[in-house]
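>>> next one to model:
(one chain, ligands or ions: 1)
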Amino acid sequence: MKDISTINSRIYIDNSATTRVSDGAVKAMLPYFTEEFGNPSAIYSYGQDAKIAIDKARHTIAKAIGAMPTEIFFTSGGTESDNWAIHSVAEQKSKAGKHIISTAIEHNAVLKTLKKLEWLGFNVTLLTPDSKGQISPKDLEAAIRPDTILVSIMFANNVMGTILDIQTLAQIAHKHGVLFHTDAVQAAGHIPINVRKLDVDLLSLSGHKFHGPKGVGAIFAKIPRLPLPLITGGGQERGGRSGTENVPGIVGMAHALQECIESQKENSVYLRSLRDRLIEEFLKLEGAYLTGDPIARLPGHASFVFEGIKHSALLINKLNEVGICASSGSACSATSQEASHVLMAMGYSQEMALNSFRVSFSRYNTMQELPFIIEKTKLYIQELRNLKKLQVLY
Ligand SMILES: Cc1ncc(COP(=O)(O)O)c(C=O)c1O
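Now for the predicted structure:
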């Protein structure tokens with residue numbers, strides 16, 4: 001593994017937030033900014049060459065997730081894919097019913113979309129996970145009503161890395177004739193996905209989570225379900241998603257996904273070794289807890305709560321000062337942080353949910369980075385705890 005995560009002596013360990021675009025993806029994209037800049041809707045060769053590139057990318061993405069090319073639609077990213085999937089079913093099926101089931105641990109791209117649908121008269125049931133972040137198939141079955149039209153459950157959680165049993169959950173939805181959407185933004189490229197095996201109807205993914213560019217994503221919609229458009233206009237993407245296509249982005253995303261699939265097994269072993277070493281070290285600290293599922297979790301994802309620090313933004317800021325870029329996984333800025341809604345849904349107190357701390361590795365991280373990350377994190381946790389004790393005294 002090359003040591004290129006340490007750019008300008010920074011150590012980047014927030015790959016669930018976004019990833020470095022791979023060299024291969026950048027190279028694949030470049031011609032579509034310059035020589036091959038045509039509008040894919042145009043009939044002359046510049047346009048047709050761009051259209052061919054999009055078709056090729058569509059085939060690549062389809063193959064990577066076991067779909068047919070006609071089942072793939074390009075979007076501006078995971079947020080749009082989630083919005084589109086949910087709105088499309090809600091609009092198409094509203095005569096059959098207005099009840100949607102999801103979970104309390106979804107990304108806001110799903111939760112806020114469901115909130116909006118509630119204002120429009122839909123009913124939403126949010127299932128709560130167990131202590132590992134898993135959704136019980138029994139709870140799902142019990143929540144299904146005659147007017148349920150959609151179940152939307154994420155494949156892997158961004159805050160605590162748990163991989164959910166989508167195949168079982170989709171089976172239950174289908175047993176009751178209900179459509180199933182999964183937000184696979186954190187899963188795609190990192191763990192195997194086969195939409196036929198999972199038997200999902202709709203699946204969202206996002207390029208920048210697997211070493212592709214930002215601002216581009218895709219949605220899988222199982223044939224014969226052509227999703228109702230969310231964005232209307234010139235009729236691109238077979239009328240599904242209007243707007244001139246982001247050709248370089250689409251090409252780069254497909255290339256990056258292909259690269260991930262080709263080296264998935266090897267990367268997975270490597271990322272697990274980084275993750276498990278870090279977990280082992282952090283758990284030696286008193287008052288440190290791993291969040292999420294210890295077994296069914298994303299290969300490069302380690303997430304914790306630490307007792308006795310006011311909130312993890314303080315720790316993240318301190319680490320940033322020595323060039324380590326980590327995060328909480330929940331809405332967080334340099335100066336403030338919200339308690340993670342995911343951890344609160346799992347039963348953590350607000351105080352603990354403010355302490356969520358996430359390390360997410362990519363193939364660009366190295367074993368050599370680990371001792372520095374471990375040493376500094378432990379040191380700052382101790383410092384923050386001492387500070388808290390002093391504040392209690394005075
Ligand atoms: C689970 C999940 N869904 C959706 C999104 C949104 O994706 P994008 O940033 O491509 O809009 C994210 C991004 O963090 C995510 O982690």
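>>> for stretch 158-174, how far is the first residue from the last?
This stretch, stretch 158-174, spans 26 Å end to end (CA to CA, to the nearest Å).
>>> and that stretch, what's buried?
Neighbour counts over stretch 158-174 (16 or more other CB atoms under 10 Å) mark 158-166, 169-170, 172-173 as buried. All C-beta spots, glycine's among them, are computed from the backbone N, C-alpha and C.
>>> next: stretch 132-146.
Buried, per 16+ other CB under 10 Å, within stretch 132-146: 132-135, 139-140, 143-144.
>>> what does stretch 119-130 give?
Under the neighbour-count criterion of 16+ other CB under 10 Å, stretch 119-130 has 122, 124-127, 129 buried.
>>> same thing with stretch 42-52?
47, 49-51.
>>> how about the helices in the stretch 251-394 of the chain?
Along the stretch 251-394 of the chain, counting by DSSP state H, counting those that start in this stretch, helices occupy 264-282, 312-321, 341-345, 350-353, 370-393.
>>> sorry, back to before: take the buried residues of stretch 119-130 and keep only those in strands.
Judged by DSSP state E, strands contain the following of these: 124-127.
>>> for the stretch 251-394 of the chain, which residue gets nearest to the ligand?
Closest contact between the stretch 251-394 of the chain and the ligand, by CB to the nearest ligand atom, is at residue 329 (8.8 Å).
>>> didn't that residue look like it was pressed against residue 162?
No: contact criterion CB atoms under 8 Å: residue 329 and residue 162 do not qualify, at 11.8 Å.
>>> for the ligand, what's its nearest residue on the chain.
The minimum distance from the chain to the ligand, using CB to the nearest ligand atom, falls at residue 78 (2.5 Å).
>>> pull the number of nearby residues for that residue.
27 (other CB atoms under 10 Å).
>>> wait, it sits on residue 109?
Yes: the criterion here is CB under 8 Å, and residue 78 meets it with residue 109 at 6.1 Å.
>>> find residues that contact each of those two.
183, 185 (CB atoms under 8 Å, 6 or more residues apart in numbering).
>>> hmm, back to that, not counting sequence-adjacent ones, nearest residue to the residue of the chain closest to the ligand?
residue 206 (3.3 Å; CB to CB, 6 or more residues apart in numbering).
>>> and residue 261, by the same measure?
residue 64 (5.0 Å).
>>> get me the contact residues on this protein for the ligand.
77-79, 82, 107, 109, 154, 158, 183, 185-186, 206, 217 (CB under 6 Å from any ligand atom).
>>> what do you get if the cut-off is 8 Å, keeping everything else the same?
Proximity of the chain to the ligand is confined to 16-18, 76-82, 106-107, 109-110, 154, 156-158, 183, 185-186, 204, 206-209, 214-215, 217 under the rule CB under 8 Å from any ligand atom.
>>> hang on, residue 77 packs against residue 217?
Yes: between residue 77 and residue 217 there is a contact under CB under 8 Å: 4.1 Å.
>>> between those two, which has more neighbouring residues?
When neighbours are counted by other CB under 10 Å, residue 217 comes out ahead of the other of residue 77 and residue 217, with 29 against 24.
>>> which residues of the stretch 251-394 of the chain score low on pLDDT?
Applying pLDDT under 70 to the stretch 251-394 of the chain picks out residues 331-337, 392-394.
>>> how many neighbours does residue 35 have?
10.
>>> strands along this protein, start to end?
According to DSSP E, the strands that the chain contains are 11-12, 72-75, 99-103, 123-127, 148-152, 179-183, 202-206, 217-221, 288-290, 301-306, 324-325, 356-360.
>>> overlap in contacts, residue 77 and residue 217.
Both residue 77 and residue 217 are contacted by 206-207, under the criterion CB under 8 Å, 6+ apart.
>>> please flag which of the buried residues of stretch 42-52 sit within helices.
Among those, DSSP state H puts 47, 49-51 in helices.
>>> how many other residues sit next to residue 227?
Residue 227 sits with 21 neighbouring residues when counted by other CB under 10 Å.
>>> now do the contacts for residue 13.
By CB under 8 Å, 6+ apart, the contact list for residue 13 reads 5, 324-326, 359-361, 365, 369, 373.
>>> if you set the cut-off to 10 Å instead, what comes out?
Neighbouring residues of residue 13 by CB atoms under 10 Å, 6 or more residues apart in numbering: 5, 274, 278, 300, 302, 319, 324-327, 358-362, 365, 369-370, 373.
>>> drop anything exposed from those residues.
Listed as buried from the contacts of residue 13 are 5, 274, 278, 300, 302, 319, 324, 326-327, 358-362, 365, 369-370, 373; burial here means 16+ other CB under 10 Å.
>>> you'd agree residue 124 is up against residue 111?
Yes: counting by CB atoms under 10 Å, residue 124 touches residue 111, with 9.1 Å between them.
>>> find residues that contact each of these two.
102, 152.
>>> returning to what we had before: which of the strands of the chain sits most buried?
Greatest average neighbour count among these goes to strand 202-206 (a mean of 29), per mean count of other CB atoms under 10 Å.
>>> partner strands of that strand, with direction?
strand 179-183 (parallel), strand 217-221 (antiparallel) (DSSP bridges).
>>> closest to residue 340 out of those strands?
Closest to residue 340 of those, according to CB to CB: strand 179-183, at 16.8 Å.
>>> just how off-centre is that closest one within its chain?
With CA atoms, centre = their mean, to the nearest Å as the basis, strand 179-183 stands 14 Å off its chain's centre.
>>> no further questions, thank you.
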